[in-house]
Structures are given as structure tokens and as C-alpha cells.
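Enquirer: Sequence and predicted structure are below.
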Amino acid sequence: MSNSGTRAKVQSVNWRLSFLVLLCLMVAGAVPLSAAPGAGAAPGNGGGGKGGSNNLLGNDVSWPQCGGALPEGQAFAIVGVNDGRANGTNPCLAEQLAWAQLSSGGTGQPNVALYVNTGNPELAGSWWPESNEYGGTVVNNPYGTCDGTATAACAYMYGYAKAYDDAKIRGINNPSSYLWWLDVELGNSWSTDKRANRADLEGMTAYFHSIGAKVGLYSTTYQWGEIVGQVGAESNLYYLDSWIPGARTARSAKSNCSAAPLTAGGTVTVTQFVSRGFDYDHSCI
């Protein structure tokens, strides 16, 4: 047998002995196993945020986080008002708003913002408007008179009503003080009529603007195109800021600040990525 074969056998035995010793130490606690990150541990910012510090990332939470650990050390927070449907309430809203108030600040974002689910179910929904009146107010409807049918005029009123409910009956104090993001995703019910869907979101925006609140848009370019399509300068959606999801790391979220906004008159001000089971948000301003 050659010397190289003997050396190989000796090295193999030594490796096995070393492995057994290391295993015994690990079981005894002398050598720690690699620890999983804590629930509140923020991912590397990848140069994102002002100064590139981890604690300048934000987080968004909603009903899926009910009963679980929430992130820690967030610079800003965006809390979901609904339970995944435009006509429901997040059962943990009060708790999550209290958590959001602990945000440290330091970015161009408000320390606490809100987001709401949107949709246009038309006559398939549990409720559909039959007039231009809601909440004791006759609404100035740019699409004409709602008559209870699946029209853009009634879609506008549906959106107006959902925003009214979000501000009035979900448990939000001082709703005019918040930035309200409209979450526009294919997972909710939508009409095949993009004009009607646009009217729905315009109705929501009109209500929030009527109380002095700011409004932004959350969606991917693809979903926005499928649901709403192009938005002209005559629409109250045209100049709204965009919150863009889809990144997988903080670095790519930062790069998405250069992505096209959802509407030509808007600006991408927040981007989102998912890490360690939480949604993280990068401020582009």
C-alpha cells in the first residue's frame, strides 16, 4: 500500500475523532449551536435607510400577526386596519397600534401609518350602494348617480363607504392625522371593468382627503395594471405616492426606490421586503 493511502486513512480517523469530540462538547453545552435570530432581529439594511443603519427600517403588520411576536426596534410602522377584507376589522388593531407607537423615527416616513384592504365586489358583495348618500352625506360623485347597479358611479360610492367605515368604525382615533395606504391586490374581489375599479379607489381617496388625511397606493406594477390600468392626470390617484413590494433583501428594496411609481404623477416613497417571517419596509425619502 502506498504512503498516500496510509495518510488518507490516518486523516480519516483523525477527522472522525475530531467530529466526535466536537459533538460531545455541543451536547454538553460547551460549544453553542448556531442561534436563530430573535423575533425582533432586523435584517441587514444593505446600505438602505439614512446612514444605512438597521434601525431605520420599518415594519408593517396586520391580522396575520395576531397572537404572535411583533418586530422590535422599528423606525416606522404601518398597521393594517382590516382583516384581509375591505369590510372587516383587524382583531388586533388596538394592540398593534400600541406597538406602532414605539417606533423610533428618523426617516422621512410618519412614525405610524395605516393601510386598508380594497376591493370592488360589485353585486356579489355583502353590501352594495344604491344612492350617492352615505354616512348622512350626499357625495359629489364624478361618475354620476349610483342606482344600485354595477356601474362606476356605484363603485365610487362603495369605495367612499369603505373608507368612511375604516375611519369611523374600526377604532381609529383622530383618523385625519394618518397616512392611509390603499392595498390593491388581486387576492381581493375586483370587477373586470378597470374604470369601475379606478372609481372605487378614487372614492376611497376622496373620503380620506375630505377629512384632511393623506393617501398612498400599495401594489405591484403587474397587479396595478391588471386591476386599475393607466391613470390620467384628472384622477385624484394620479399624484399619490407609491409603496412597492416584491424585494427579497434590504438592498434590493433600496434599489426599488428607483422603480416606476404606480401612477405617473406619483413618487415611490416606501419599498417592502420579507425577511425572517416579517415584512420590512425601506424609506425612500
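Expert: That came through, no problem.
Enquirer: for residue 200, what are its contacts?
Expert: Contact partners of residue 200, counting by C-beta atoms under 8 Å, 6 or more residues apart in numbering, are 118, 119, 120, 155, 156, 158, 159. Placement of C-beta: from N, CA and C, glycine included.
Enquirer: ok, and the most crowded of those residues?
Expert: Ranked by neighbour count (other C-beta atoms under 10 Å), the contacts of residue 200 have residue 120 at the top, with 30 neighbours.
Enquirer: can you tell me how far the residue lying closest to that residue once chain neighbours are set aside sits from residue 165?
Expert: Setting aside the residues directly before and after it, residue 120 is nearest to residue 200 in space (C-beta to C-beta, 6 or more residues apart in numbering), at 4.3 Å. Here residue 200 is placed at a distance of 14 Å from residue 165 (C-beta to C-beta, to the nearest Å).
Enquirer: Likewise for residue 81?
Expert: When distance is defined by C-beta to C-beta, residue 81 is 10 Å away from residue 165.
Enquirer: And these two? Which one has more around it.
Expert: More crowded of residue 81 and residue 165, by other C-beta under 10 Å: residue 81, with 28 against 21.
Enquirer: Pretty sure that one sits against residue 115.
Expert: Yes: the pair residue 81 and residue 115 qualifies as a contact (C-beta atoms under 8 Å) at a distance of 6.9 Å.
Enquirer: what residues are up against residue 272?
Expert: The contact partners of residue 272, taken as C-beta under 8 Å, 6+ apart, are 60, 243, 244, 245, 246, 247, 253, 279, 280, 281, 282.
Enquirer: what helix or strand is it on?
Expert: In this structure, residue 272 sits in strand 268-275 according to DSSP states H and E.
Enquirer: following that strand, which helix or strand comes up?
Expert: Next helix or strand after strand 268-275 toward the C-terminus (DSSP H and E): strand 278-283.
Enquirer: Quick one: residues in contact with that next one.
Expert: The set of residues external to strand 278-283 that reach it, using C-beta under 8 Å, 6+ apart, is 42-43, 45, 48-50, 56-61, 71, 75-76, 78, 107-109, 243, 247, 250, 253-254, 256-257, 269-274.
Enquirer: Quick check: the two most widely separated of the contacts of residue 200?
Expert: When C-beta to C-beta is used, the two most widely separated members of the contacts of residue 200 are 119 and 156, lying 13.8 Å apart.
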